[in-house]
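Colleague: sequence and predicted structure are below.
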Amino acid sequence: MPRLDGTEVIYIDVGILKGVSRRASIIIRPGYRSGKYNVNWFVFWVGDDVMQPDNIETAANAAVEAKQRERVLIADDDADFRSILVRRAQRLGLEVIEAEDGGQAIEALRQNSFDLILLDLWMPNFSGLEVFRVAQEIDPDLQAVVLTGSATLETAVEALRCGVYDYLTKPLESLTELDLAISRALTHRRLVQENARLFAEVQRLAITDPLTGLFNRRKLDDTLAIEVERAHRYNRPLSLIMLDLDGMKALNDKYGHPAGDEALKIVADKIRKQIRTVDVATRYGGDEFVILLPEADLEAARNVAKRICAKITSANFQGEYLSVSAGVAQWSPDFPTAKQFLEVADQAMYQAKRAGGKRLFVLSP
């Protein structure tokens, strides 16, 4: 862990605090006694927000648990030098597992997860670089610091080309040099993991409706095109359900737009609970929802739509009951494009709407 003037920076998921699910930085400054942890103050960075947790003990527990999760593998056939590395890593608050040769190191990698490995370059059975290559296969984000007493420019270049984070020579000029290498390697691992998490989150947000948590139209367009192609090529059943919340304008006028948003969330929740994992539920726009059902024929889709409509109409909202107009269609070769298939389901839904709403219309092929 990096330490700056007695201040320790720990990165954890702060979902346990005030419902925040994003990662944040906790700054812990020693000096104040809270339960069994010495802390002075905590500051949480969540994006651009700064907040003070109202439960310091909970925060301290979370921080200590996060710290304990960081584990290092130290592999060196020199027992005396290995003991120095172990003591130094433990001083930094890391959990340590030791290995006295390359074979033991590989076995430890296969049995445990690690955040960092400290490797002697030359060991019996397997070299440090051979151990690192195995480690990369197990965890591509795992960081390594290689140490050697027979350093050459060629071995240093080879190690760095393999992806080793740092390369130190024995004897160490100072233990501070080791501390810095460990701290920087762990910080780099956290940054790599955080960047991966942020990238995944951006990808998720790009295909998710922020209000309901269902997929958005972009996701529907991409998936529908793929599923139509699959249904056409392999002659597999594929169906669509389109739903429109009845009386949305009246709800907004009577109760306000925030209440209308809550009604949409209720509909989304009822849909989510009645479909399979492979189905794609989408907020199509406004008060319209589309559900794509791979491997479902017209009868199966009709039954799903009936269940969804029944759950929605039984939901009490502001002392009233919601209802939807629904249309169901099954793909056929008569719909050569995904757009035409979607238009057919849309027509079925509008027939239900024109008939007074609160009903289901099934378009037979």
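Modeller: Okay, I see it. Residues are numbered from 1 along each chain as shown.

Colleague: isn't residue 159 up against residue 129?
Modeller: Yes. If you go by C-beta atoms under 8 Å, residue 159 and residue 129 touch, sitting 6.3 Å apart. In short, each C-beta sits where N, CA and C put it, glycine included.

Colleague: residue 121 and residue 102, how far apart?
Modeller: Per C-beta to C-beta, to the nearest Å, residue 121 is found 10 Å from residue 102.

Colleague: hey, what's in contact with both of those two?
Modeller: Residues touching both residue 121 and residue 102 (C-beta atoms under 8 Å, 6 or more residues apart in numbering): 127, 128.

Colleague: comparing residue 159 and residue 129, which residue is more hemmed in?
Modeller: Set residue 159 next to residue 129 and count neighbours by other C-beta atoms under 10 Å: residue 159 wins out with 23 against 20.

Colleague: so who does the nearest residue to residue 158 once chain neighbours are set aside touch?
Modeller: Nearest-residue entry for residue 158: residue 129, 6.9 Å, with adjacent residues in sequence omitted and distances by C-beta to C-beta, 6 or more residues apart in numbering. Residues counted as contacts of residue 129 (C-beta under 8 Å, 6+ apart) are 121, 146, 158, 159, 162, 164.

Colleague: out of those residues, which comes closest to residue 333?
Modeller: Nearest to residue 333, judged by C-beta to C-beta, of those is residue 162 at 53.9 Å.

Colleague: quick one, strands of the stretch 101-250 of the chain?
Modeller: Along the stretch 101-250 of the chain, counting by DSSP state E, counting those that start in this stretch, strands occupy 116-120, 143-148, 166-169, 238-245.

Colleague: what about the helices in the stretch 1-150 of the chain?
Modeller: Taking DSSP state H, counting those that start in this stretch, the helices of the stretch 1-150 of the chain run over residues 56-68, 79-91, 102-111, 128-138.

Colleague: circling back: show the buried residues in the contacts of residue 129.
Modeller: Buried by 16 or more other C-beta atoms under 10 Å: 121, 146, 159, 164, out of these.

Colleague: mind listing what residue 94 touches?
Modeller: 70, 71, 72, 115, 116, 182 are the contacts of residue 94 under C-beta under 8 Å, 6+ apart.

Colleague: how about TSV for the residues you listed, with neighbour count added?
Modeller: What follows is these, written out as TSV (neighbours: other C-beta atoms under 10 Å):
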residue	neighbour count
70	21
71	16
72	24
115	20
116	23
182	25
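
Colleague: of all pairs in these, which one is the farthest apart?
Modeller: Greatest spacing in the contacts of residue 94, by C-beta to C-beta: 71 and 182 (12.3 Å).
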